[in-house]
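Participant: please work out how this folds:
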Amino acid sequence: MSLGDSEWSSFESNSVFDRIPEYNKIILDLSKGNLNGNFSLNKRKSKLSHSIRDILFDQKNDELSYFALFMDSNNASNYLKFLLDVNNFKLTAKNLINLNERIENIEQKENFESNCIQNHYKNFVQDAISIFEKYISKDAKYSIQLNSELITEIISNF
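Facilitator: Below you'll find the predicted structure:
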């Protein structure tokens, strides 16, 4: 059963939708094809909801274990492991840069640099190779699907 034009207009004018703040603006924006909208849906966002970024990288939340179970149940845990490993790799890179900057201020930089920085750099390169072999290579244990252009770009940057 469908509503005719006159029935729809009477339903629409007496609906609960009229009581929703900014409803008319939302409908107008959506009818113009403005799916991004200039309205803020965040005003109605639940405090209990978190973005994927919050779940993955916010240390205050315990949702990561539940998200890991969800990803595992959807046979997608490799993507989660990959994201976490890449994030750890980025943190290591930042720490290596900070360490290098601190060493520049030390008078005996040559001795310290030759031992410490070179060892850290070797570990850093080994971590990058390990991530590649673990997730991206053809023989990857935890293979993830990436498009061929991205794989080519990754290989060319090695």
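Participant: break the chain into its domains for me.
Facilitator: The chain is divided into the following domains under automatic domain parsing: 5-44, 76-156.
Participant: mind telling me which of those domains the model trusts least?
Facilitator: Least confidently modelled of those is domain 5-44, at a mean of 51 by mean pLDDT.
Participant: phi, psi for Tyr135 please.
Facilitator: phi -120, psi -30 (degrees, to the nearest 10).
Participant: and the helices in this structure?
Facilitator: 5-13, 23-31, 52-57, 63-73, 77-103, 109-112, 118-131, 148-156 (DSSP state H).
Participant: residues touching the closest residue to Tyr142 other than its chain neighbours, list them.
Facilitator: In this structure, Tyr142 finds its nearest non-sequential neighbour in Asn78, 4.3 Å apart by CB to CB, 6 or more residues apart in numbering. From N, CA and C alone the C-beta is placed, and that goes for glycine too. Counting by CB atoms under 8 Å, 6 or more residues apart in numbering, Asn78 touches 135, 142-144.
Participant: ok, now how distant is Asn78 from Phe67?
Facilitator: Relative to Phe67, Asn78 is positioned 14 Å away (CB to CB, to the nearest Å).
Participant: number of nearby residues for the closest residue to Leu99 other than its chain neighbours?
Facilitator: Spatially, and ignoring its direct neighbours in sequence, Leu99 is nearest to His120 (6.6 Å; CB to CB, 6+ apart). Around His120 there are 15 other residues, counting by other CB atoms under 10 Å.
Participant: quick check, His120 in contact with Ile97.
Facilitator: No - if you go by CB atoms under 8 Å, His120 and Ile97 don't touch, sitting 10.5 Å apart.
Participant: isn't Ile136 up against Thr152?
Facilitator: No - Ile136 lies out of contact with Thr152 (CB under 8 Å); the separation is 11.1 Å.
Participant: neighbour count for those two, which is higher?
Facilitator: Shown here are Ile136 and Thr152; by other CB under 10 Å, Ile136 has more neighbours (17 against 11).
Participant: now do the contacts for the more buried one.
Facilitator: 143-144, 146, 151, 154.
Participant: cool, Gln126 as well?
Facilitator: By CB under 8 Å, 6+ apart, Gln126 lies in contact with nothing.
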